[in-house]
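1. For reference, the sequence and a predicted model appear below.
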Amino acid sequence: MKKKIFIVLVVLIVVIQFFKPAKNLSTSKSPNDISSVYNVPENIGVILDKACNDCHTNNTVYPWYAEIQPVAWWLNNHIEEGKEELNFSEFASYSPARQYRKLEEVKKQIDEGEMPISSYTLIHTNAKLTDAEKQTLLSWTEGIRTEMKAKYPADSLVIKKGPRPPEE
């Protein structure tokens with residue numbers, strides 16, 4: 001009986017390998033990329049590449065284990081959730097209020113040590129941010145928020161209460 005269960009499990013594991021999620025791979029930079037509306041200096045780009053972009057852009061650099069099911073399903077779900085929260089590839093398509101709020105959330109998440117998440121840095125140890133990198137990223141986001149305050153009326157940087165508008 002144990003042998004039959006083992007064989008069924010092996011067959012099941014082999015079969016699920018043929019059902020892979022679509023990968024989050026983009027061949028070109030989106031016209032809505034954050035860099036199309038705000039300056040992203042090279043040092044910031046390096047930090048974003050190592051710690052943020054795999055889950056928060058339209059282009060993920062996949063690790064070897066992303067080819068194995070059911071891990072790939074879990075990873076794909078995690079990436080989709082990350083992009084739903086914040087997608088630097090689509091940042092320019094956000095309203096000014098949403099951009100402003102997202103930059104505030106980036107600051108909060110970094111300040112509280114919530115980003116990058118521990119399940120990511122556990123395997124991607126190079127994604128751990130040093131205190132200097134955190135400060136650099138925080139200064140950059142605050143600089144953009146200051147730029148936004150100068151560019152937009154104050155009430156346009158506030159998310160209005162009430163029903164959420166449909167997302168595009």
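-> Everything's here; your move. Numbering: from 1, shown residues only.

2. distance of the most far-flung residue of the chain relative to its centre from I7?
-> The C-alpha centroid of the chain is most remote from M1, which lies 45.5 Å away (Cα atoms, centre = their mean). Applying Cβ to Cβ, to the nearest Å, the value for M1 to I7 is 11 Å. Heads up, the C-betas are built off the backbone N, CA and C, glycines and all.

3. same check, this time on I13
-> 11 Å.

4. go on, K128?
-> 42 Å.

5. ok, the two, which is more surrounded?
-> Neighbours per residue, other Cβ atoms under 10 Å: of K128 and I7, the larger number sits with K128, 14 against 10.

6. Could you find the closest non-adjacent residue to that one?
-> T121 (4.8 Å; Cβ to Cβ, 6 or more residues apart in numbering).

7. Other residues contacting the helix or strand hosting the one you found?
-> T121 is part of helix 118-123, with elements assigned from DSSP states H and E. Helix 118-123 has contacts (Cβ atoms under 8 Å, 6 or more residues apart in numbering) with 54-55, 63, 127-128.

8. who's in contact with I144?
-> Counted by Cβ under 8 Å, 6+ apart, I144 has contacts 38, 103.

9. what about it, which helix or strand?
-> helix 131-151.

10. In contact with the most centrally placed residue in the chain, which residues?
-> Among the residues of the chain, the one closest to the centroid is H56, at 1.8 Å (Cα atoms, centre = their mean). Residues in contact with H56 (Cβ under 8 Å, 6+ apart) are 82-83, 85-88.

11. Great, nothing more from me.
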